[in-house]
Every structure is written in C-alpha cells, then in structure tokens.
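Provided below are the primary sequence and the corresponding predicted coordinates.
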Amino acid sequence: MKKKILITLVLLSFLSCSIDDDNPTFYFEFIPIENIVIPETFEYGSVYTIEYSYFKHSTCHHFNDLFYEPFNNTRTVAVINRVYYEDTNVSCEELTDQIETRTFQFHVTTGYDSYVFKFWQGVNEEGEDEYLIIEVPVE
C-alpha cells in the first residue's frame, strides 16, 4: 500500500503543477478515515451509498479525491486532501474538531460472496499502514 500511495501522490503532484512552476502552492496528503456507515449486507445488482468521515486538519486542507483500489473482492479506500501552503496570500488556521462527511456509490456487480473494505486509518509507530477492515456479505 505504501508504494501505491507514494506513486499516486507523485503522479498527482506532476499532474497538478506546471513544469515551469518552481513554487508549488499545494501538496497532497492522505487523511485517516475516522467513521464509516456501511450496510450490513449487500444484494447482487444493487447500488449502495457508503458514508465516511474524516477530520479536516486546517483551513488549508481541502478534499481532492478518494483513493479507491479494487483487488478481487477487496476494496482499499483512503481520503486524499489537497493542502495549500501558507503564504502571504493564504493564512491557514488549525482545526481540531471539524469533521468532514462524504459518500461514494458502491455497485454490487460481481459474483463474490462478500466484499472486504479496508479503510485507511493512518500509519502506526512501526511505519505500517493501519486499516479499519469491514467485511460485508452478499446475499
């Protein structure tokens, strides 16, 4: 996962900045997912709204995208924020309790008996990625 996250961040950085721009105005940062609202079961052919929440760290943090990687019946999910550098034009204010809630649509289209969702929750003291893992059976 670390290599995939690094590659994604590097690619996003190249796509977002001009080659002539020596002073980028932002960078990308993965933000831990704090809460999930997901159905207890899925039905084949149905579409479900999955809700996730994360803490917004500052007024310079803005939602950019959702990292979503399917592999067999496993779905790895992480929030990507665009973080603007503080400068003379932008003043960042640290936020402590501001939670952002968003959703994504999940289509149950394959013949799996269950789906395993791995919601990224940060890096532990050993430098390893940690996940909230939820398995949802398909009926």
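Here it is on my side, so go on.

how about the nearest residue to residue 100, chain neighbours excluded?
Counting by Cβ to Cβ, 6 or more residues apart in numbering, residue 100 lies nearest to residue 56, which is 5.0 Å off, once chain neighbours are set aside. C-beta here means a position set from N, CA and C on the backbone, and glycine is covered the same way.

lowest-scoring secondary structure element of the protein by mean pLDDT?
Of all regular secondary-structure elements in the chain, judged by mean pLDDT, DSSP states H and E, the least confident is helix 2-16 with a mean of 53.

count of neighbours near residue 64?
Here the neighbour count serves as a burial measure; for residue 64 (other Cβ atoms under 10 Å) it reads 17.

state the distance from it to residue 30.
From residue 64 across to residue 30, the span is 10 Å (Cβ to Cβ, to the nearest Å).

same question, residue 84
When Cβ to Cβ is the yardstick, residue 84 and residue 30 sit 16 Å from each other.

secondary structure element holding the residue nearest to the spatial centre of the chain?
For the chain, the residue sitting closest to the mean C-alpha position, by Cα atoms, centre = their mean, is residue 79 at 1.8 Å. Secondary-structure assignment from DSSP states H and E places residue 79 in strand 74-84.

quick one: strands adjacent to that strand?
Within its sheet, and counting by DSSP bridges, strand 74-84 is paired with strand 26-31 (antiparallel), strand 61-71 (antiparallel), strand 114-123 (parallel).

tell me which of those strands approaches residue 131 most closely.
If you check each of the strands paired with strand 74-84 against residue 131 by Cβ to Cβ, strand 114-123 wins as the nearest, at 4.1 Å.

any stretches of the chain with poor pLDDT?
Counting by pLDDT under 70, the chain contains low-confidence residues at 1-22, 88.

now do the SS call for residue 96.
Remark: residue 96 carries the secondary structure label coil [criterion: DSSP: H, G, I helix; E, B strand; the rest coil].

and it, how far from residue 57?
Noted for residue 96: a distance of 9 Å to residue 57, by Cβ to Cβ.
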